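*Asks:* Sequence and predicted structure below; questions after.
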Amino acid sequence: GAVVSQHPSWVICKSGTSVKIECRSLDFQATTMFWYRQFPKQSLMLMATSNEGSKATYEQGVEKDKFLINHASLTLSTLTVTSAHPEDSSFYICSAALETSGRIADTQYFGPGTRLTVL
Amino acid sequence: AQKITQTQPGMFVQEKEAVTLDCTYDTSDQSYGLFWYKQPSSGEMIFLIYQGSYDEQNATEGRYSLNFQKARKSANLVISASQLGDSAMYFCAMREPYSNSGYALNFGKGTSLLVTP
């Protein structure tokens, strides 16, 4: 089956530093990847859609200058949390869709997530 | 506006029994897809089952089946013969035709399922 990896699985950093999270589709190519954020005991909230070769599309309320997304290849997207603060502490999950001819039916496979703690 | 509604924050079921997790959705599109994911305490999101809006038959995948009632806009997940390992959060999600978010999924708030011995 389709596998998506994320690295690192957890990170602790000091306030003001930047953290980069990688998302890779291991056995398929994905022109589109998605970044979600999940607070404890809450649902997944879409942050942005990452498009290979073009700029990411951010959801309303998500600061594009704070959450930098780069989709460098068909198998790699990165999310950089710049100047992280304690309120950025959360569980970040990426996903990639195994694209077929019927986009509605494309199954979205998720990475294992990255737990970010900002001190 | 909330597009996916899961009204059961938590559910209990005894091992080997069947359980139904509710999901209703809101869309004006004729073409859409409905998904169920399982999230154990480890955090990974595991795809369980998919139902397309034009699919005439309810989707089934092993012990999982989806009770799709299009007129009522509901897509309930049925887990048969529950196992202890089924204890997790379950999320219902919908994908609509291309929007500003591309083909991203809209998730409900989830239902926490606890399977007891």
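*Replies:* Sure, I can see it.
*Asks:* Could I get the contacting residues of B:L105?
*Replies:* A:F34, A:L44, A:L46, A:S95, A:Q108, B:F35, B:A93, B:M94, B:R95 (CB atoms under 8 Å, 6 or more residues apart in numbering or on different chains). (C-beta placed from N, C-alpha, C; glycine too.)
*Asks:* let's see it at 7 Å
*Replies:* By CB atoms under 7 Å, 6 or more residues apart in numbering or on different chains, the contact list for B:L105 reads A:Q108, B:F35, B:A93, B:M94, B:R95.
*Asks:* A:G16 reaches A:T82, doesn't it?
*Replies:* No. Contact criterion CB atoms under 7 Å: A:G16 and A:T82 do not qualify, at 9.7 Å.
*Asks:* Between these two, which is the more surrounded one?
*Replies:* The neighbour comparison of A:G16 against A:T82 (other CB atoms under 10 Å in any protein chain shown) goes to A:T82, with 15 against 10.
*Asks:* Pull up the gap between the more buried one and chain B, please.
*Replies:* Computed as CB to the nearest CB, to the nearest Å, the A:T82 to chain B distance reads 22 Å.
*Asks:* ok, now A:L119?
*Replies:* 21 Å.
*Asks:* how many other residues sit next to that residue?
*Replies:* Using other CB under 10 Å, the number of residues around A:L119 comes to 10.
*Asks:* With adjacent residues omitted, what lies nearest to it?
*Replies:* Of all residues beyond its chain neighbours, the one nearest A:L119 is A:K14 (5.6 Å), with distances taken as CB to CB, 6 or more residues apart in numbering or on different chains.
*Asks:* distance of that neighbour from chain B?
*Replies:* Note on A:K14: its distance to chain B, by CB to the nearest CB, is 23 Å.
*Asks:* does that residue really touch A:H85, like I thought?
*Replies:* No. Applying CB under 7 Å as the test, A:K14 and A:H85 come out as separate, 10.3 Å apart.
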